[in-house]
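Asks: Quick one: sequence plus predicted model below, questions after.
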Amino acid sequence: MISRKASLLLIAPALALMAALFLYPLGFSLVSAFRQEDGGGWGAGNFLRAWQFYSADIVFSLVIVGLSTLLVAFLAAAIAGYLTLGENRWCLAVLRWLYRWPLFIPFVVAAQLMRTFLAKNGMMNNALVELGLLTPFTTHSYLDWRGIVITFVWKQTPFVALLLAGAMAALDRSTIEAARNLGASRLRLLWDVVLPQVRPSFGTGLILSFVTMMSVLSVPMMINAQTPTLLTVDMAWRINAYGDYGLANALGLIAYAMTGLVAWFYLRQGLKENR
Amino acid sequence: MALQIAKTLLPLALTLAGTGIAQAQDTLYVATGGSQNMVDYVTDYLGPMFEAQNPGWSVNVVGTGPGDAGSQAILEKLTAQKAKDSWDTDVIVTAQLKTAEMVKDGLLMKYRDDIDTGKLVTSDVAKNALGTDVDGYVMPMFISQTAIAYNPALVDHVPTSMSGIRDWAEAHKGAFGYNGIKNGMSGVAFTTAWIYAFGGDADVLMKGPYDKAQEAGWDKAFAALKTFDQSVTFTPGNAGTLDMLNRGEIAMGPVWVDMFYSWQQDGRLNPGLKITLPEPGMPGQPYYYAIPAKAAHAEAAKKFIALATSPEVQAEGIVKKFNWYPGIDASHLQGVLDQASWDKLFTDIPPETLAKNAKPFPLGGYFTDMLEQYETQVTN
């Protein structure tokens, strides 16, 4: 048994790293967000300007990332559910092999892939035209909000599915077998028996996905040229074009608040259930 | 077999050793804003020429990206070094608005009278950048112009004015494309042209004085632009507009004239595409060569800029290879540039139209207000 002091010493490097690389920048951006640009002093000026300039983008970010998270939840549950409850061995093997691929592809590469795939004259539309399903004049570009959602969902589903499939595999199979013996369909099994038991992992996976998607710059920048767009693009623009760190940090704080809100909902839900 | 491998690897090893030696010598650090073509200009053309003429020197160039953001990055880099005695950037290539800021902040060196080619430029852009006096601090590298590119196969009656373009775009939903203001200067130029055409007295915006009351007509113009934006396609950048034109995804859009001609010259753009300069005009801008106030290699930097603004380089590099309008007075290119290369600059836009419809960007104050109001009134 090591003493209290010694254990503090042991975790000191980790703490110092946290403080230097996370807490200090966080504090710095907080301070800078409330610092007034003209005349110095403190105030909410940056937030007022953030709302005046980018209110549409703030709402847009919340809606797009929220929608992507919902779709990820649906698809991840379907994939993990089939991996746990599916019976066709051939299908299981293929799915297991395939679904993880996007995990290994960085966002910027995924965005570039989608750009060539979803453009008006991109691979998807060309294939549909070749199949005779569309004509070159009826094709649409998906390089707008839909492109962002498609890329996010494609990239994040395997991450949540992986966590979820792991949690499902660790479940006590007897509950599943019992329900099955009583004649429950597979959908019912998934919804009423399996998913409720893996809720903590599911929630964690979804929140981590939400936070990740909120922070991606490359995807909205490369796929969505129009406005509204995600907050990350506005932050980059404010810093790159104007050196306006105050407003950029205010936007960052608004993004923190959004993710914080989601995490809070989730935690509150968890606490309620444990009571 | 082993011999074979050794034979293949030997030249490689020698090359690597060679670069090792080169790095041990003096290096001139060049930072350039602007699109990739401006970096290519230094790496592929000007840099090697300077190295050949000045043994022992190598040129290192970094590109900081298009639009004012690219020049802002250079400004921040210089500001960060302000307290030091010697700065690590020797030559910078920046756009007007930020160069003016750098002059005001005392970040640049007055050098034009020190170089022979300083006398070769008499145009106003060498003295005044969007209302700021920059006389002596800058040499224009080139003048660039924006215009409207279109696909004649898809556009029957080419509009000759901004209002014509507005009507055409609203009648052909999605066929007009531009890149907003966040993704490069061609979109900023289109927005400027829109304000010049529909926002009141354009002359005051270009010549001053700065007075907020002049912006009274902008609200209406921006509201109209917001409606206009409903029927256009947004492109991801200066190059993005050209790409989409090339793939037939849009039929018309604002582009930089030099990029347009260069892409056509390189076979990257449908040779059938054309450009036009609509009334009352679209803006163009010079890019400036400047030397940071405490550049470590100021003498070499002056030599570099003198070479870059010599009539031979302006003719061969700026006009012939990269399709820009020259930075020094055109009269000095006579005799060094063949007529055919000169005429090529005016294939689609004749000199008279250029003289009439090529405008500068508005004064710094108006320019900043315009970009801000675009964000508060058009995109939000």
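Replies: Here it is on my side, so go on.

Asks: Get me the contact residues on chain B for chain A.
Replies: Counting by CB under 8 Å from any CB of the partner chain, chain B comes close to chain A at B:65, B:67-69, B:72-73, B:75-76, B:179-180, B:182-183, B:233-237, B:240, B:247-249, B:372, B:375-376, B:379-380. Every C-beta, even on glycine, is put in place using the N, C-alpha and C of the backbone.

Asks: residue ranges with poor pLDDT in the chain?
Replies: The chain I'm using is chain A. Applying pLDDT under 70 to chain A flags residues A:1, A:38-39, A:273-275.

Asks: that answer is for a different chain, and I need it for chain B
Replies: B:1-24.

Asks: hey, C-alpha coordinates of the longest strand out of those in chain B in PDB?
Replies: For chain B, the strand with the greatest residue count under DSSP state E is strand B:139-150. C-alpha atoms of strand B:139-150 as PDB (Å, rounded to 0.1, in the frame of the first residue of the first chain):
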ATOM      1  CA  MET B 139       5.900  47.000 -55.400                       C
ATOM      2  CA  PRO B 140       2.900  45.500 -57.200                       C
ATOM      3  CA  MET B 141       3.700  42.000 -58.200                       C
ATOM      4  CA  PHE B 142       0.800  41.900 -60.700                       C
ATOM      5  CA  ILE B 143      -2.700  43.300 -61.100                       C
ATOM      6  CA  SER B 144      -5.500  40.800 -61.200                       C
ATOM      7  CA  GLN B 145      -9.000  41.200 -62.300                       C
ATOM      8  CA  THR B 146     -12.200  39.400 -61.600                       C
ATOM      9  CA  ALA B 147     -14.800  38.700 -64.300                       C
ATOM     10  CA  ILE B 148     -17.800  36.500 -65.000                       C
ATOM     11  CA  ALA B 149     -17.000  33.200 -66.700                       C
ATOM     12  CA  TYR B 150     -19.700  31.400 -68.600                       C
END
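
Asks: mind listing what that strand pairs with, with the direction of each?
Replies: strand B:252-256 (antiparallel), strand B:274-276 (antiparallel), strand B:282-290 (antiparallel), strand B:325-326 (antiparallel) (DSSP bridges).

Asks: Can you say which of the ones you listed is packed in most?
Replies: Each of the strands paired with strand B:139-150 was scored by mean neighbour count; the highest is strand B:252-256, a mean of 28, by mean count of other CB atoms under 10 Å in any protein chain shown.

Asks: Buried residues of the helix or strand following that one, list them for me.
Replies: Downstream of strand B:252-256, the next assigned helix or strand under DSSP states H and E is helix B:257-265. Across helix B:257-265, burial judged by 16 or more other CB atoms under 10 Å in any protein chain shown covers B:V257, B:D258, B:M259, B:F260, B:Y261, B:S262, B:W263, B:Q264.

Asks: Same question for stretch B:113-129.
Replies: Neighbour-count burial for stretch B:113-129, counted by 16+ other CB under 10 Å, picks out B:I115, B:T117, B:G118, B:L120, B:V121, B:V125, B:A126, B:K127, B:N128, B:A129.

Asks: Equivalent analysis for stretch B:46-64, please.
Replies: Quick answer for stretch B:46-64 (16+ other CB under 10 Å): B:L46, B:G47, B:M49, B:F50, B:E51, B:N54, B:W57, B:S58, B:V59, B:V61, B:G63, B:T64.

Asks: Sitting in helices, which of those do you find?
Replies: B:G47, B:M49, B:F50, B:E51 (DSSP state H).

Asks: excluding its backbone neighbours, what's nearest the first one?
Replies: In this case it means B:G47. B:V59 (3.8 Å; CB to CB, 6 or more residues apart in numbering or on different chains).

Asks: Can you say which helix or strand has the closest residue to chain A within the stretch 1-150 of chain B in it?
Replies: Chain A sits closest to B:A69 of the stretch 1-150 of chain B, with a gap of 3.8 Å, by CB to the nearest CB. Using DSSP H and E, B:A69 sits within helix B:67-80.

Asks: likewise A:G203?
Replies: Short version, using DSSP H and E: A:G203 is in helix A:199-214.

Asks: For the helix or strand just after that helix, give me every contacting residue.
Replies: As assigned by DSSP H and E, the chain's next helix or strand after helix A:199-214 is helix A:218-223. Outside helix A:218-223, the residues that touch it by CB atoms under 8 Å, 6 or more residues apart in numbering or on different chains are A:107-108, A:110-112, A:114-115, A:118, A:143-144, A:147-148, A:151-152, A:229-230, A:232-233, A:236, B:236.

Asks: give me that answer again for 6 Å
Replies: Among residues not part of helix A:218-223, those counted as contacts by CB atoms under 6 Å, 6 or more residues apart in numbering or on different chains are A:F107, A:V108, A:A111, A:R115, A:L143, A:G147, A:I148, A:T151, A:T229, A:L230, A:V233.

Asks: Okay then, goodbye and thanks.
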